[in-house]
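Colleague: give me a model of this one.
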Amino acid sequence: MSREPGHSPRNLSLLAYQLAVEKKAIDPVLLEVGKMSIVADYFFIATGASKVQVHAICDHLMKKIKEAGYPLLHVEGYREGWWVVLDYGSLVIHIFQPDARAFYDLERLWSKAPVVELTGT
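Modeller: Predicted structure coming up:
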């Protein structure tokens, strides 16, 4: 992760939330998992209505987050577009199609993690 001023896990997470909303992501949720997991500080979860929308959300996220100076560490599931994981180290982004999100139900699995309340976003 870049050490530039303003480059924090929380700022990255808020940026991802905003960018996904710009592409009409459905039911975006930001979970603060850092006290419960060594995997990341935050999980961002959202839904795209179709493979095309999942790709559009992911493409937008990858482009704009890179422009902001945060390196993408790994991408999983992009070709299929059913459940895409974008790993930024401190933030792991999950973009699902509706059936995948319902099946994996990450919000239930991480139900003890605090939800970051975002108003006016």
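Colleague: only C-alpha atoms from now on, for both contacts and neighbour counts.
Modeller: Noted.
Colleague: this protein: helices as residue ranges?
Modeller: For the chain, applying DSSP state H gives helices covering 9-22, 51-67, 98-104, 106-109.
Colleague: buried stuff in the longest one?
Modeller: Taking 16 or more other Cα atoms under 10 Å as the basis for neighbour counts, the residues of helix 51-67 that come out buried are 51, 53-58, 60-62, 65.
Colleague: chain neighbours aside, what residue packs nearest to residue 46?
Modeller: With sequence-adjacent residues excluded and distances taken as Cα to Cα, 6 or more residues apart in numbering, residue 46 is closest to residue 28, at 4.3 Å.
Colleague: quick one: pLDDT of the residue most central in space within the chain?
Modeller: By Cα atoms, centre = their mean, the chain has its centre lying nearest to residue 93, at 2.5 Å. With respect to pLDDT, residue 93 has a value of 98.
Colleague: when you give positions from now on, start the count at 13
Modeller: Understood, numbering begins at 13; the last thing we discussed is residue 105.
Colleague: touching, it and residue 99? I think so.
Modeller: Yes. Counting by Cα atoms under 8 Å, residue 105 does reach residue 99; the two are 6.4 Å apart.
Colleague: quick one on the thing from earlier: of the buried residues of helix 63-79, closest to residue 120?
Modeller: Of all those, residue 120 sits closest to residue 66, with 21.5 Å by Cα to Cα.
Colleague: in this structure that closest one contacts residue 58, no?
Modeller: No. Residue 66 lies out of contact with residue 58 (Cα under 8 Å); the separation is 9.2 Å.
Colleague: intersection of neighbour lists for those two?
Modeller: Counting by Cα atoms under 8 Å, 6 or more residues apart in numbering, the residues touching both residue 66 and residue 58 are 107-108.
Colleague: returning to what we had before: could I get the helices of the chain as JSON lines with distance to residue 54 and mean pLDDT?
Modeller: Formatted as JSON lines, the helices of the chain follow (distance: least, Cα to Cα, whole Å; pLDDT from 0 to 100):
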{"stretch": "helix 21-34", "distance to residue 54": "7", "mean pLDDT": "96"}
{"stretch": "helix 63-79", "distance to residue 54": "15", "mean pLDDT": "98"}
{"stretch": "helix 110-116", "distance to residue 54": "17", "mean pLDDT": "97"}
{"stretch": "helix 118-121", "distance to residue 54": "12", "mean pLDDT": "90"}
